[in-house]
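1. Sequence first, predicted model second:
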Amino acid sequence: MRTKVEFPSQGQNLAGLLETPDQKIRAYVLFAHCFTCGKDVAAASRISRFLVQHGFAVFRFDFTGLGNSDGDFANTNFSSNTEDLLAAASFLEQNYEAPQLLIGHSLGGAAVLAMAAQLPKVKAVVTIGAPYEASHVIHNFHAHLDTIESDGHAKVNLGTREFTIKKQFLDDLRSQTTEHIKHLNKALLVMHSPVDLTVEVSDAEKIYKAAKHPKSFVSLDTADHLLSKSADSEYVAQMISGWASRYIPAPSVESPSVSKGHVMVAELDHKFQQQVFTDNHHWYADEPTAIGGQNSGPDPYEHLLAALGACTAMTIRMYASHKKIPLEHVEVSLSHERDYIQDAGNTDAHEQKMESLIRKVQLIGELTSEQRARIMEIADKCPVHKTLSNNPQIVTIAVDN
């Protein structure tokens, strides 16, 4: 679910976006985007989407003067950005739940490092392509520094946009220190690309060395600074989700008592998402996003086909092992088809629906034609095949609360 919100910070209203999963929330995440970017920048959107799919609620917002937030960017600085982050964390705690994970991209990484110690409920911090010193960003205005110093401001092109940078912005950056990194007292994950052309990987090394354990470093290999390739954003999100599980465990699922050989299915989001329980296992059934589901698990027909396919492959393997047939590998591909046939005995010529489960069996190995033929016969003897072929009676019983 995506919820657009507004919250106050330093006398301005800031625009935020809270994305929540359709399952029990694992933890709230506060995401700080890169310098002059907005909350909707591609990398932030992709990382957030993946984390939401894995149970996190992610809150990102436009800093003062950016995107849909109020205020004048020219009057902001690094210190005001950290104040915006603290205001966002306060908004989450007052209206939802305090964030436990902070993620900062580029200068946003330096910002979360600077304010994390002020949030006692935060357990872990992630930086992505972050500079060791906030003043690193000054190199973006190198050609305009003399004008800014003499006139107090200058218009600077950053990417495809023009921003007014004031001297107070530079002064604030130069006044920042890095002492807070050694006093972070949170788990830290530093992520950086060795080929980052905006912030060199040596900055990541300095952050890592300054921080105390627990700390981790992940190289982003060939990724660029903005993680413009979707594969790089997804990799970052995967690493964050896995790493965070050590410090923010996933909420335990209360499994019902299910007897061996029985299955319980319980709805999860009042839409399509279902939890499936057996005596020792738990997973999800769902529908694709195209028809309103979350695509968090196979759909019902895929479960049906999987049951038939798994049973077929198991039965074939058991037979081949028993007969010592050199079967190297068996693979079963299945599909469900509906065909319409005309009932010849029906004078109204109504169409009747005939359903078919198509099963394709691939046998790999040095097998004789006789062995292959016999294995195909055995495939029809799998228990699930027999059950489906016997047109079983489905008995539905209403159970009182």
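-> On my side now, so go ahead.
2. Okay, the residue nearest the centre of the chain and Glu133: tell me how far apart.
-> A centroid search over the chain (C-alpha atoms, centre = their mean) returns Phe50, at 1.5 Å, as the residue closest to the centre. Between Phe50 and Glu133 the distance is 30 Å, computed by C-beta to C-beta, to the nearest Å. (Each C-beta comes from the backbone N, C-alpha and C, glycine too.)
3. Contacts only, for Phe169.
-> Applying C-beta atoms under 8 Å, 6 or more residues apart in numbering, we find Phe169 in contact with 74, 76-78.
4. Provide the secondary structure category for it.
-> At Phe169 the chain is in helix, as set by DSSP: H, G, I helix; E, B strand; the rest coil.
5. before we move on, what about Ser69?
-> For Ser69, the secondary-structure state derived from three-state DSSP is coil.
6. Gly104 too?
-> Under three-state DSSP, the three-state class of Gly104 is strand.
7. Neighbours of it, how many?
-> For Gly104, the tally of surrounding residues (other C-beta atoms under 10 Å) stands at 26.
8. Need the nearest residue in space to it, chain neighbours excluded.
-> Of all residues not flanking Gly104 in the chain, Val112 sits nearest, at 3.6 Å (C-beta to C-beta, 6 or more residues apart in numbering).
9. For the one you found, the count of nearby residues, please.
-> 26.
10. where does the protein dip in pLDDT?
-> When the per-residue scores of the chain are filtered using pLDDT under 70, the ranges that remain are 159, 252-253, 339-352.
11. rewinding a little: reformat the contacts of Phe169 as JSON lines; add neighbour count.
-> Formatted as JSON lines, the contacts of Phe169 follow (neighbours: other C-beta atoms under 10 Å):
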{"residue": "Ala74", "neighbour count": "15"}
{"residue": "Thr76", "neighbour count": "22"}
{"residue": "Asn77", "neighbour count": "22"}
{"residue": "Phe78", "neighbour count": "21"}
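12. What segments of the stretch 101-250 of the chain are helices?
-> For the stretch 101-250 of the chain, the helices defined by DSSP state H, counting those that start in this stretch cover 107-115, 145-151, 167-175, 179-182, 201-210, 230-244.
13. so which of those is the most packed in?
-> Each of the helices of the stretch 101-250 of the chain was assessed for mean neighbour count using mean count of other C-beta atoms under 10 Å. The highest is helix 107-115, with a mean of 27.
14. How far away from the center of its chain is it?
-> Relative to the chain's own centre, helix 107-115 is displaced by 22 Å; criterion: C-alpha atoms, centre = their mean, to the nearest Å.
15. do stretch 111-131 as well
-> Average the C-alpha atoms of stretch 111-131, do the same for its chain, and the two points are 20 Å apart (C-alpha atoms, centre = their mean).
16. Now do the end-to-end distance for it.
-> The separation between the terminal residues of stretch 111-131, taken as C-alpha to C-alpha, to the nearest Å, is 10 Å.
17. Over to stretch 219-228?
-> 16 Å.
18. Next, the buried residues of that stretch.
-> For stretch 219-228, the neighbour count (16 or more other C-beta atoms under 10 Å) marks 220, 223-227 as buried.
19. mind putting the residues you listed in JSON lines, distance to Glu337 included?
-> Putting these into JSON lines (distance: C-beta to C-beta, whole Å) gives the following:
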{"residue": "Leu220", "distance to Glu337": "44"}
{"residue": "Ala223", "distance to Glu337": "43"}
{"residue": "Asp224", "distance to Glu337": "45"}
{"residue": "His225", "distance to Glu337": "49"}
{"residue": "Leu226", "distance to Glu337": "45"}
{"residue": "Leu227", "distance to Glu337": "42"}
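20. picking that back up, list the residues that contact the residue nearest to the centre of the chain.
-> Contacts were defined as C-beta under 8 Å, 6+ apart; by that measure Phe50 touches 233-234, 237-238, 241.
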